[in-house]
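# Give me the fold of what follows.
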Amino acid sequence: MTDQQVQQIRSFNRFYTDLLGLLDSHLLDSPYSLAEGRILFEIASNGECRASDIIETLSIDKGYLSRILKKFEKEGLIERKASENDKRASVLSLTQPGMKVFKELDAASNQQIEKITANLDDSKLETLVSSMTRILQILR
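Predicted coordinates for the structure are as follows:
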């Protein structure tokens with residue numbers, strides 16, 4: 001890989017990060033960070049999961065995840081129960097208030113993407129989506 005290619009990829013990453021506001025301290029004008037939003041997404045998407053599943057999926061630091069999960073418990077967004085398969089492990093799930101917060105973040109995220117792409121005609125939108133699909137195929 002050439003230095004120019006590295007710089008082009010980094011330039012795109014900076015552009016996309018800025019476009020979505022991912023470096024803002026709060027995600028989508030909510031009280032939650034990007035990491036917190038992703039954790040809520042992972043729990044909601046799986047219905048139930050273990051902290052170790054989140055660590056593996058997001059490559060997040062165990063201590064950082066633990067602090068976020070404690071915050072979520074304090075706010076009543078998640079609940080823990082003992083795993084039926086391994087009594088040493090806990091299974092995480094969203095409470096009704098947690099599901100409400102997740103749905104609000106999910107809707108705001110959808111609206112953000114709709115706003116970003118609103119001026120694209122069908123052809124450009126299809127090119128964008130197929131290009132993103134191709135990027136995922138290449139990098140996975």
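# In this model Ile60 seems to touch Ile54, though I could be wrong.
Yes: the pair Ile54 / Ile60 is scored as a contact, 6.6 Å apart, by Cβ atoms under 8 Å. For glycine as for every other residue, the C-beta is placed from the backbone atoms N, C-alpha and C.
# what touches both of those two?
Common neighbours of Ile54 and Ile60, using Cβ atoms under 8 Å, 6 or more residues apart in numbering, are Ile39.
# Look at these two and report which has more neighbours.
Between Ile54 and Ile60, Ile54 has the larger neighbour count (other Cβ atoms under 10 Å), namely 21 against 18.
# next one: phi and psi at the residue nearest to the more buried one when sequence neighbours are not counted?
Nearest residue to Ile54, sequence neighbours excluded (Cβ to Cβ, 6 or more residues apart in numbering): Glu42, at 5.2 Å. Backbone torsions for Glu42, taken as degrees, to the nearest 10, come to phi -60, psi -40.
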